Structure formats: structure tokens, C-alpha cells
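**Q** Got a predicted structure here, sequence first:
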Amino acid sequence: MSQPLVLALNPSVDVEWRVSGVRWEEKNEVLSERRWPGGKGVNVARWLKHLREKPQLLLPLGGRNGEEMAEGLRSEKITSRIIPVREATRANVIVTTAAQGQLRFNPAGPLLSGAEWRRLLRACAEELKGASILVLSGSLPRGLSATAYAALIQIAHRAGVKALLDCDGAPFAAAVRARPFLVKPNQHELAQWAGVKLHTRTAVFRAGESLSKVTGGWVLVSMGAEGAMLLHEAQRRKFFARPAKVKVRNTVGAGDALLAAVARGISSGSSPEEWLRQGVAAGTALTEGEAGVLPSLARLRRCVTQTKVSG
């Protein structure tokens, strides 16, 4: 039975410090600390498991953080193929304040050697034989070329597997030319790619159309509290989803929840409108809880019913 394959090239142990407030040049008391397996690709795999899929996660891990990550994945019963690497897996720090919002600190990640990268490429090709889709999500670790994701998309093409992409900057610009099935920039990342500011929904749509012309596939644009847009230029299809109104407590991983639910819809063969509805609902439901904590399926179903999709 085929299953979603998620490749997380730059995973992290996510660490949340809760503080009453941030005072510059002063000591800041940490009221509590939580740690969990994180990074964009790992977030997607955790969500797919939460949605009762059976994802296969492929990732490089090293050092004590890597050991902690592996133990966390085992405890969550996420099937993982680990490629050992020499340098330590990174730890991302989220500082959550009572009234000032969140600060996020993301290290660049380990330096991968050429031999470690080749092992990842071989493992990906092997795992694609049993995959329904390939999800490529997150930043690249040091040592990899900006064309790394493009190479992986080409491997997916040869295997006949749809590739879904979520990254930014130079790796995004290189990868879209390899024509993934779907790309998921947020509004800022789409503006970065297009080289223009996107202040209106019409501007977002036009930039998304231009991107869809390059990829030949679907473009999913996350727009924060405004919702998300899904379009396909060649098929002349466009959908916009407005999310349910909720009290936002956290936004870490909302885009990953969106992508995971869309990936599930693509894998199961549902309609594009339903991909978008389920995706926006997942991202919305996540924002109601604490960072790293997945919402109940009852909360998710409530958000699904309150998400409005228009064509």
C-alpha cells in the first residue's frame, strides 16, 4: 500500500521558552520549557499521522539532539528512516511571551558532507518505490547546493510520484523549474519569488498564475489570517478559502498543518476544493493551541465546517 513520503532535510528539536515578557539587556526568567520533534518536514509528518495517515519520514540526524529527535519520533510512532550524519541536529528556540507575541531563533543546521547527501539521495529513490506522494518541506542544511530540492523532484518524476514543495529563497527558485506537482509559498515568499510587493488579493493571484506557468502545476498560497488561495493556471482553476474565526495563541507550524492536510487530500484523491478546505481548517485549528501541540480531531472538524471556499 502506497503512503506519503516526507523528506525533512533540516529537522530540529523545537524548544519553547515561556516568559512573562522580553527585556533587552536584562535577565529574562524562563517560566517553563517544552521540547518536541520539529522542523517543517517533521511537522508535516506529525500532522499526517494525526490525520490517520501512515507517513514514511526520511531525515538526517546527528548528535544528542538527533538522539532526542529519534526518541521523540518513536514515542509518537512515526515510521522513520534515519540517515546518520556527523554533525549535530539543530535546536530551534521559540520564546513565547504573555503579551508581546513570539520570537523564533532558527540555527542554520548541520553541515552535510557529499557522502551523507548521496546516502540521502539513494534512500529517497528507494523509499519512493512505495510512495503515493513526496513532500519536500523546510530549509536546506549547510553543505547542500540550492539545486538540492530540484534534484529530488527530478527523482520523484522518474519514479512517477507527485512532489509537493515548501521552501523559500534560492532553493525555491531552483526547484520550481523542476516542475513539482504543487508548491506552497506564503504571501511573503511568493512576493520574494516574483520580485514585487503583493498588497492585494488580485496581486497575489497574478503572481500565483505566473508561478503556475513555470511549474505547470498547482500553487497554494498561505495568507495568514486571511486564509489561502489555490490555483492552476493551465486548468484555469482558482479557489480561495476564508478560515474560521478563532482566538490565535500560536502560529508556529500553521503552514505545515495546511500542507499536510492538502497532501492527505491529494494522496486520497479528493477534489482540489476539499484539499483547500481541509488544509485551511488544519492550519486554523492549530493556532488555537500551544506550539507543538496538535489539536483534537473534534476541533479540526469544527474548523472544517466553518471554513468557506469560493471559486
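**A** Sure, I can see it.

**Q** What number of residues are in the vicinity of residue 301?
**A** 12 (other Cβ atoms under 10 Å). (C-beta placed from N, C-alpha, C; glycine too.)

**Q** And it, which helix or strand is it part of?
**A** Element membership of residue 301 [criterion: DSSP states H and E] is helix 297-306.

**Q** could you point out which element follows that helix?
**A** Counting by DSSP H and E, the next helix or strand C-terminal to helix 297-306 is strand 308-310.

**Q** tell me which residues in that following strand are buried?
**A** residue 309 (16 or more other Cβ atoms under 10 Å).

**Q** count of neighbours near residue 68?
**A** Residue 68: 17 neighbours (other Cβ under 10 Å).

**Q** pLDDT at it, what is it?
**A** pLDDT, residue 68: 97.

**Q** How about residue 224?
**A** Looking at residue 224, the pLDDT reads 89.

**Q** List the residues that contact it.
**A** Residue 224 makes contact with 186, 187, 251 under the criterion Cβ atoms under 8 Å, 6 or more residues apart in numbering.

**Q** now swap in residue 37 and tell me
**A** Contacts here follow Cβ under 8 Å, 6+ apart; on that basis residue 37 touches 11, 13, 14, 46, 69, 72, 73, 76, 78.

**Q** Wasn't the fourth one part of a strand?
**A** No - secondary structure of residue 46 (DSSP: H, G, I helix; E, B strand; the rest coil): helix, not part of a strand.

**Q** Could you name the specific helix or strand carrying the closest residue to residue 311 other than its chain neighbours?
**A** Counting by Cβ to Cβ, 6 or more residues apart in numbering, residue 311 lies nearest to residue 239, which is 5.6 Å off, once chain neighbours are set aside. Using DSSP H and E, residue 239 falls within strand 237-242.

**Q** and the angle from the helix or strand that that strand is followed by to helix 297-306?
**A** Per DSSP H and E, the first helix or strand lying C-terminal to strand 237-242 is helix 254-268. Put simply, helix 254-268 runs at 80 degrees to helix 297-306, going by axes from the mean of the first three to the mean of the last three Cα atoms, to 10 degrees.

**Q** ok and helix 254-268 relative to strand 237-242, angle-wise?
**A** 130 degrees.

**Q** can you pull the buried residues of the helix or strand following helix 254-268?
**A** Using DSSP H and E, the helix or strand that follows helix 254-268 in sequence is helix 272-287. Neighbour counts over helix 272-287 (16+ other Cβ under 10 Å) mark 272-287 as buried.

**Q** swap in stretch 98-106?
**A** Counting neighbours by 16+ other Cβ under 10 Å, stretch 98-106 gives residue 106 as buried.

**Q** List the contacts of the strand holding residue 239.
**A** Contacts of strand 237-242 (Cβ under 8 Å, 6+ apart): 201, 205, 226-232, 272-273, 276-277, 279-280, 307-311.

**Q** May I have stretch 59-76 as CSV, with CA atoms only?
**A** Extracted in CSV, the C-alpha atoms of stretch 59-76 (Å, rounded to 0.1, in the frame of the first residue of the first chain):
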residue,chain,number,x,y,z
LEU,A,59,15.6,12.5,7.7
PRO,A,60,19.3,13.0,8.6
LEU,A,61,20.0,13.1,12.3
GLY,A,62,23.2,13.6,14.4
GLY,A,63,24.5,14.3,17.9
ARG,A,64,22.5,14.4,21.1
ASN,A,65,19.7,16.5,19.5
GLY,A,66,19.4,13.8,16.9
GLU,A,67,19.1,11.1,19.5
GLU,A,68,16.4,13.2,21.3
MET,A,69,14.6,13.6,18.0
ALA,A,70,14.7,9.9,17.2
GLU,A,71,13.3,9.0,20.6
GLY,A,72,10.5,11.6,20.2
LEU,A,73,9.5,10.1,16.8
ARG,A,74,9.5,6.6,18.2
SER,A,75,7.2,7.8,21.1
GLU,A,76,4.8,9.3,18.6
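
**Q** buried ones in that stretch?
**A** 59-63, 65-66, 68-70, 72-73, 76.
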